[in-house]
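J.: quick one, structure for this:
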Amino acid sequence: MICQYPTQTDFNKIYLIIGIIATLALILSNCVSNSQVRGYDDGNNSLGQIGARFILFISFLLVFGSFIASTWILFGYYITYKKERFYPGLAIFLQNLAILIRSVV
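T.: The predicted structure is shown next:
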């Protein structure tokens, strides 16, 4: 078969939460503008400079945490146990790597 849905033993569905958290953190970091972080904003927002930096800090924590978790899953579950299908772990890792790169840039 060309396209086949993985079984529970190949891909545990709970691993999707890591990608969801990273995506929400990416959205959270994109909601804060550079002018809010630098303090150039005119003061019409309710966050302020400290609130904007706090939101960026929380979003970076979530993104880095999900990247570490995806690395842990890839190496701790798929590669060390010599699974014949390790592409779900690689897909989780690459997804979180792309989100991490986009969040930092």
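J.: in the strand or helix carrying I17, what counts as buried?
T.: Using DSSP states H and E, I17 falls within helix 16-30. For helix 16-30, the neighbour count (16 or more other C-beta atoms under 10 Å) marks I18, G19, I21, A22, T23, A25, L26, L28, S29 as buried. Using the backbone N, CA and C atoms, a C-beta is placed for each residue, glycine as well.
J.: which of the residues you listed lies closest to R102?
T.: L26 (6.3 Å; C-beta to C-beta).
J.: okay, the closest one and T9: tell me how far apart.
T.: The span separating L26 from T9 equals 30 Å under the rule C-beta to C-beta, to the nearest Å.
J.: grab the most central residue of this protein for me.
T.: Nearest to the mean C-alpha position of the chain, by C-alpha atoms, centre = their mean, lies A22 at 2.3 Å.
J.: what's the offset of the host helix or strand of F64 from the middle of its chain?
T.: Assessed by DSSP H and E, F64 sits inside helix 48-73. Distance, stretch centre to chain centre, for helix 48-73: 8 Å (C-alpha atoms, centre = their mean, to the nearest Å).
J.: other SSEs contacting it?
T.: Using 3 or more C-beta pairs under 8 Å, 6 or more residues apart in numbering; DSSP states H and E as the contact test, the elements touching helix 48-73 are helix 16-30, helix 34-38, helix 87-104.
J.: looking at those, which has the lowest confidence?
T.: Lowest mean pLDDT within those: helix 34-38, a mean of 76.
J.: for the helix holding I17, packing partners?
T.: Short answer (3+ C-beta pairs under 8 Å, 6+ apart): helix 16-30 packs on helix 48-73, helix 87-104.
J.: tilt between that helix and helix 48-73?
T.: In terms of direction (axes from the mean of the first three to the mean of the last three C-alpha atoms, to 10 degrees), helix 16-30 departs from helix 48-73 by 160 degrees.
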